[in-house]
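**Q** What follows is a predicted protein model with its sequence.
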Amino acid sequence: MKTLITGGKSAQAQKILKAFTGDQILLGDYGDMPSFASAQYQFVSLGERNDDTIAHTLLNACLDQQADRLLPLYSFELEAVMRSAVLFEEFNIHVLLPDLLHFPLYLSEKITDKNNWAVFDKGELLYAAIPAAQLAVLGKEKTLNGVFYMNEAPQEQALFTIA
């Protein structure tokens, strides 16, 4: 599977690479990108940032790079991508974000430990930086889709984003 992760120049994007060890990773970001590539990932330029065309830019990047999955990390991308999720699905591009109806549940200001995070794909736990036993309850919730910061209490989670 080929996964495009935005915010590719950030430490946060580098941090979650370990969750996608079986994937071919594209680290996308706006503006100039390093020309460095490794066996695990390559950098992709998303062009200049234009907030009016974010979803279109990301869809084109996925299609141009033949990405099967998109993980938007920038907070300014979230609403545009969630509103266009059906369009991405029509092109067989799976977006790792919760659906728009459940999104407000995940904007928690209570997150105290930014080292506790986990990656879910349609409720399935792909990777956890905390003991998986703490997340057993969450695996049953099909709305968890994306990367989340977690407190020890499973009811406290927030989307893993870059401001």
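**A** Done, it's in. Residues are numbered from 1 along each chain as shown.
**Q** dump the residue contacts of L96.
**A** Counting by CB atoms under 8 Å, 6 or more residues apart in numbering, L96 touches R69, L70, L71, V119, D121, N145, G146, V147. From N, CA and C alone the C-beta is placed, and that goes for glycine too.
**Q** Can you check the pLDDT for G123?
**A** Taken from the predicted model, the pLDDT recorded for G123 is 80.
**Q** hang on, I meant I93
**A** I93 is assigned 97 on the pLDDT scale.
**Q** Next up, phi/psi of it, please.
**A** The phi/psi pair for I93 (degrees, to the nearest 10) reads phi -110, psi 110.
**Q** Thought L70 was touching it, still the case?
**A** Yes. With contact defined as CB atoms under 8 Å, I93 counts as touching L70 (5.7 Å).
**Q** Which elements pack onto the lowest-mean-pLDDT helix or strand in the chain?
**A** Among the helices and strands of the chain, strand 157-159 carries the lowest confidence by mean pLDDT, DSSP states H and E, at a mean of 77. Packing partners of strand 157-159 (3 or more CB pairs under 8 Å, 6 or more residues apart in numbering; DSSP states H and E): strand 146-150.
**Q** picking that back up, would you point out the most distant pair within the contacts of L96?
**A** Taking CB to CB, the two most distant members of those are L70 and V119; they sit 13.6 Å apart.
**Q** With that, I have no additional questions.
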